[in-house]
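Visitor: Got a predicted model here, sequence first, then my questions.
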Amino acid sequence: MTVDEELNLLESHLRRLKIEYEIYFSNPQKKPPSDLEWKVLSLMRKFSDGGGMKLSQRFRYNEMAQRYAIYSDLWRKKGRIREEGYRRPQDALLSVQGVREEEHGHGPAHKAYGVAHHADAFIVDWSDAKAEREKVEKLFTALSEAKKKAGENVSGSLESFSSFVQKKTKEIKKQYGCERVEYSVDVADGKVKLTARAKT
């Protein structure tokens, strides 16, 4: 296999790895794509010394190595957030705690992001977060106030939070075919959690 062919293979593996990680972070039952990542790292190590590569090939390899470094850092952060749950508004831009099923009475199981809400949770729902701006502001305010009471740092802007819930609402509606998405701010074990669930 020529250097160009191996670089093509590396690029293909890297593209696939990004997709596999996106699937992994959206499904708590999935395992991380360790085998595919090992293949990517093996190819990158092979070319790391630059031996026998043309300038154009070296440039192409460096571009892919930088891309992997950015991805790897993002995956590490998302993995930490997946394990620890929602902590700060800026974390929400990366991920929310993994999906799990929750039973509501005798009805069907609903998919929920984060922990179950309690009776004293702040709850709001919408179909379009962008169109229902006032509700987004109320949710952000409730989240900020809950974090203050819990002694947690309040950071991140309303705009970044709004962008996050718009994106997350679209994802949940597409994934579960629901009309509306319910969000709740809850405190569990002294820590503030943000929960989003499909609402039929």
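Guide: On my side now, so go ahead.
Visitor: Can you report how many residues neighbour Gly151?
Guide: Using other Cβ atoms under 10 Å as the criterion, Gly151 is surrounded by 9 other residues. For glycine as for every other residue, the C-beta is placed from the backbone atoms N, C-alpha and C.
Visitor: That one should be in a strand, yeah?
Guide: No - using DSSP: H, G, I helix; E, B strand; the rest coil, the assignment for Gly151 is coil, not a strand.
Visitor: Tell me the spacing between it and Val192.
Guide: 10 Å (Cβ to Cβ, to the nearest Å).
Visitor: Low-confidence stretches in the chain?
Guide: The chain contains residues with pLDDT under 70 at 28-29, 50, 81-120, 155, 200.
Visitor: mind giving me the domain ranges of it?
Guide: 3-84, 89-199 (automatic domain parsing).
Visitor: Just give me how far the longest one sits from the chain centre.
Guide: In terms of Cα atoms, centre = their mean, to the nearest Å, the gap separating the centre of domain 89-199 from the centre of its chain is 13 Å.
Visitor: same question, stretch 27-41
Guide: Going by Cα atoms, centre = their mean, where stretch 27-41 is centred and where its chain is centred differ by 16 Å.
Visitor: what number of residues lie near Lys167?
Guide: Residues near Lys167, counting by other Cβ under 10 Å: 13.
Visitor: Would you mind identifying the next helix or strand past the helix or strand that contains it?
Guide: According to DSSP states H and E, Lys167 maps onto helix 158-176. Heading C-terminal from helix 158-176, the first helix or strand you meet, by DSSP H and E, is strand 180-188.
Visitor: List the buried residues in that following strand.
Guide: Val181, Glu182, Tyr183, Ser184, Val185, Asp186, Val187 (16 or more other Cβ atoms under 10 Å).
Visitor: Does Arg197 belong to a helix, a strand or coil?
Guide: strand.
Visitor: Touching, it and Asp186? I think so.
Guide: No - contact criterion Cβ atoms under 8 Å: Arg197 and Asp186 do not qualify, at 11.7 Å.
Visitor: The one helix or strand Leu14 maps to to helix 158-176, inter-axis angle?
Guide: Secondary structure assignment for Leu14, by DSSP H and E: helix 3-26. Going by axes from the mean of the first three to the mean of the last three Cα atoms, to 10 degrees, helix 3-26 is angled at 90 degrees with respect to helix 158-176.
Visitor: Could you name the helices and strands sitting against the helix or strand following helix 3-26?
Guide: With elements assigned by DSSP H and E, the helix or strand that comes after helix 3-26 is helix 34-47. Secondary-structure packing of helix 34-47 (3 or more Cβ pairs under 8 Å, 6 or more residues apart in numbering; DSSP states H and E): helix 3-26, helix 55-84.
Visitor: Not counting residues beside it along the chain, what's closest to Pro33?
Guide: Leaving aside its sequence neighbours, Pro33 sits nearest to Glu20 (Cβ to Cβ, 6 or more residues apart in numbering; 3.7 Å).
Visitor: For the one you found, grab the count of nearby residues.
Guide: By other Cβ under 10 Å, neighbour count at Glu20 equals 19.
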